[in-house]
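*Asks:* Structure for the following, please:
(one chain, ligands or ions: 1)
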Amino acid sequence: MGQFDGKVLVVSGGARGIGAAAAKEFVHRGGRAVIGDINPEIGEETAAELGRDHAVFQHLDVRDPASCQAIVDTAVSRFGAVDCLVNSAIKMAPGPLADLPLENWQTVIDVGLTGTFLMTQTVGRRLLSEGRPGSVVNLSSMAGFQPYGASGAYSTVKSAVIMLGEHFAIEWARKGIRVNSVAPGHIETPLTAYLKDPEIKQARAGVTPLGRVGQTHDVTGAILFLLSDEASYVTGAHLVVDGGVTKSIFNHFPGRKWD
Ligand SMILES: NC(=O)c1ccc[n+]([C@@H]2O[C@H](COP(=O)([O-])OP(=O)(O)OC[C@H]3O[C@@H](n4cnc5c(N)ncnc54)[C@H](O)[C@@H]3O)[C@@H](O)[C@H]2O)c1
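*Replies:* Reported below is the predicted structural model:
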């Protein structure tokens, strides 16, 4: 018997990267997934890999409430319900804050923060209307705790996503709907294509206490734990999955060494 037998996951930004990996692992553990993404070419491929009985692609623009409703409707019509949500969609629009065009700021806020709000609200309304328990996981980032060069909008969104999740968690706790966040460090995905440069990858591994950059399976383990009943007493939490990076600042101070 699979851990997610009979469960249905909706994942935003599920065409590739961490979202796709979470959908695949959820299906491998017995569940079914609706993969939502603004990119239909890759999204269709990701769903097809899992087979039509287990996964379906639905075009999704998380900035649009009607589109968020449509993916929930698809989950219900295709697989009978929605139990779990992973909010993974993101669009980067980097640049120093002093020069950042409003349009770039708005893009990151709209996809990363408003999109997370709309998807959580839409899935939550469905669960509340049915009196059904559920579990939501938001993708934050270590950039939500540490200012990330030329990514002020992104860092702000990733910090806000944690607080947004905490709010939903407390609002819905008595209804059995849990909401948590995962904050990854540097993970190899299409978003972090710069990690294909061996020098960058090695340098990042070097400043990571666990000695390597992360892979998508490192993050999906944490996401699926939080989605699962193993985390049935966990809500309003955030789980840092960064190989120790954000706790290692003292490693970088010159002077006294212990080893
Ligand atoms: N990769 C990392 O190192 C890393 C680190 C920390 C946090 N994260 C977070 O994890 C999540 C996934 O990151 P990733 O590396 O897999 O990114 P990715 O760029 O590979 O995937 C993001 C997906 O979101 C989709 N998307 C963009 N705009 C959308 C919209 N309006 N509606 C629906 N989908 C949309 C994209 O098409 C893409 O498939 C993001 O929230 C990111 O901030 C990633």
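*Asks:* what does the stretch 101-250 of the chain put close to the ligand?
*Replies:* 111, 115, 139, 141, 184, 186, 187, 189, 190, 191, 192 (Cβ under 6 Å from any ligand atom). Bear in mind the C-beta positions are built from the backbone N, C-alpha and C, glycine included.
*Asks:* I'd guessed the fourth one sits against residue 158; true?
*Replies:* When you say that, I think you mean residue 141. Yes - counting by Cβ atoms under 8 Å, residue 141 touches residue 158, with 4.1 Å between them.
*Asks:* Is residue 178 within a helix or a strand, and which one?
*Replies:* strand 177-184 (DSSP states H and E).
*Asks:* Following element in sequence after that strand, please.
*Replies:* helix 198-206.
*Asks:* after that next one comes which helix or strand?
*Replies:* The helix or strand immediately downstream of helix 198-206 is helix 216-227, counting by DSSP H and E.
*Asks:* and the nearest residue to residue 33 once chain neighbours are set aside, what is it in contact with?
*Replies:* Once flanking residues are discounted, residue 33 sits nearest to residue 23: 4.1 Å by Cβ to Cβ, 6 or more residues apart in numbering. By Cβ atoms under 8 Å, 6 or more residues apart in numbering, the residues touching residue 23 are 9, 11, 14, 33, 35, 46, 50, 55, 86.
*Asks:* Next step: the residues you listed restricted to helices.
*Replies:* Mapping those onto helices (DSSP state H) picks out 46, 50.
*Asks:* need the contacts of residue 23 in JSON lines with distance to residue 239, can you?
*Replies:* Formatted as JSON lines, the contacts of residue 23 follow (distance: Cβ to Cβ, whole Å):
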{"residue": "9", "distance to residue 239": "18"}
{"residue": "11", "distance to residue 239": "17"}
{"residue": "14", "distance to residue 239": "20"}
{"residue": "33", "distance to residue 239": "21"}
{"residue": "35", "distance to residue 239": "23"}
{"residue": "46", "distance to residue 239": "24"}
{"residue": "50", "distance to residue 239": "25"}
{"residue": "55", "distance to residue 239": "25"}
{"residue": "86", "distance to residue 239": "13"}
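*Asks:* And residue 172, how far from residue 92?
*Replies:* Taking Cβ to Cβ, to the nearest Å as the criterion, residue 172 is separated from residue 92 by 30 Å.
*Asks:* Look at the two and report which has more neighbours.
*Replies:* The residue with more neighbours, out of residue 172 and residue 92, is residue 172; 20 against 15, by other Cβ atoms under 10 Å.
*Asks:* about what we covered before: can you tell me which of the residues of the stretch 101-250 of the chain next to the ligand are buried?
*Replies:* 111, 115, 139, 141, 184, 186, 187, 189, 192 (16 or more other Cβ atoms under 10 Å).
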